[in-house]
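Chemist: Task: produce atomic coordinates for the following.
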Amino acid sequence: MSLYQFNICQKACILIFFLGFRVLYSQEEIFEPNHNFTENQIVYLYGDNVKLRTAPNTQSEVIDLLKIGTQITILEKTDQSQKYNGLDSPWYKIKYKSTTGYILGGLIAIHKTSFNNSTYLIAVKVQGERFYLQTRLLENSKTYIENETEFFNTHFSIKSYDNKGLESIKNMLLIEYMPIDPFANNGGFIYLIQVQS
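Modeler: Predicted structure coming up:
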């Protein structure tokens, strides 16, 4: 069992990761590194100060800078892509308020959940054969903390919980990774627990 602790903000909050093992599949939505967004899907930015561009490339004009956690709507996936965090990331045409433009998919969270004024954003990264789960915790619109932990499989689900009545815990995420072979004993889970004193 591994335990990771991170001091966050100036509010004496702690993030704790518990690693465990599980054989069963979850019934939740399954995510994978090359997660694709669909037309009219509402999503949130994982990146901060993300450049909204006039065309799907890094040479095009910047229309606006968008903050982490900003809500956007996917209009379409383009044929253009580029490497980002070890993955071949497509560009998406998106809508932000009344403005349309293009954002690289790797800067969009594949999952977002909120509890008790805390927002969790999830992204993935690949380095060689290693797969990493990236988590950003926003407690207000100005600050966030992030953590990156190596993951043991490329397919996973995410469940969100409140504190389940435990006073020292603020929120919990359960991230289950799925075995490639359902009969193999190589599934598992990570609990992300936000503790506040």
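Chemist: Report the central residue of this structure.
Modeler: Nearest residue to the geometric centre of the chain (CA atoms, centre = their mean): Ile122, 1.1 Å.
Chemist: contacting residues for the closest residue to that one other than its chain neighbours?
Modeler: Once flanking residues are discounted, Ile122 sits nearest to His111: 4.2 Å by CB to CB, 6 or more residues apart in numbering. Where C-beta positions appear, they are placed from N, C-alpha and C, glycine not excepted. The contact partners of His111, by CB atoms under 8 Å, 6 or more residues apart in numbering, come to Phe31, Tyr120, Leu121, Ile122, Ile158.
Chemist: so when I look at the second one, I'm seeing a strand, right?
Modeler: To tie it back to what came earlier, the one meant is Tyr120. Yes: under DSSP: H, G, I helix; E, B strand; the rest coil, Tyr120 sits within a strand.
Chemist: That one: how many residues sit nearby?
Modeler: Tyr120: 21 surrounding residues under other CB atoms under 10 Å.
Chemist: how close does the closest residue to it other than its chain neighbours get to Arg136?
Modeler: Nearest non-adjacent residue to Tyr120, counting by CB to CB, 6+ apart: Thr113, 5.3 Å away. Distance, Thr113 to Arg136, by CB to CB, to the nearest Å: 12 Å.
Chemist: More neighbours: which of these two?
Modeler: Neighbour count, other CB under 10 Å: between Thr113 and Arg136, Arg136 has more, with 22 against 16.
Chemist: Between Thr113 and Arg136, which contacts overlap?
Modeler: Residues touching both Thr113 and Arg136 by CB under 8 Å, 6+ apart: Tyr120.
Chemist: Now do the SS call for Gly106.
Modeler: Under three-state DSSP, the three-state class of Gly106 is helix.
Chemist: so what's Lys95 bridging to?
Modeler: Here Lys95 sits in beta bridges with Thr73, Thr100, going by DSSP bridges.
Chemist: how about it, what does it touch?
Modeler: Contacts of Lys95 by CB under 8 Å, 6+ apart are Ile72, Thr73, Leu75.
Chemist: isn't the second one right next to Tyr44, touching?
Modeler: No: at 10.8 Å, Thr73 does not count as touching Tyr44 under the criterion of CB atoms under 8 Å.
Chemist: Low-confidence regions, the chain specifically.
Modeler: 1-33, 140-142, 152-154, 178-187, 196-197 (pLDDT under 70).
Chemist: show me what contacts Arg136?
Modeler: Tyr46, Ile68, Ala109, Tyr120, Leu121, Ala123, Tyr144, Ile145, Glu146 are the contacts of Arg136 under CB under 8 Å, 6+ apart.
Chemist: With only the CA atoms kept, save the host helix or strand of Pro90 in PDB.
Modeler: With elements taken from DSSP states H and E, the one containing Pro90 is strand 87-96. Provided in PDB are the C-alpha atoms of strand 87-96 (Å, rounded to 0.1, in the frame of the first residue of the first chain):
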ATOM      1  CA  LEU A  87      -0.500  11.500 -26.500                       C
ATOM      2  CA  ASP A  88      -1.700  12.400 -30.000                       C
ATOM      3  CA  SER A  89      -4.100  15.100 -29.000                       C
ATOM      4  CA  PRO A  90      -6.800  16.400 -31.500                       C
ATOM      5  CA  TRP A  91      -7.800  20.000 -31.800                       C
ATOM      6  CA  TYR A  92     -11.400  20.800 -31.000                       C
ATOM      7  CA  LYS A  93     -13.600  23.700 -32.300                       C
ATOM      8  CA  ILE A  94     -15.300  25.000 -29.100                       C
ATOM      9  CA  LYS A  95     -17.700  27.600 -28.000                       C
ATOM     10  CA  TYR A  96     -17.000  29.800 -24.900                       C
END
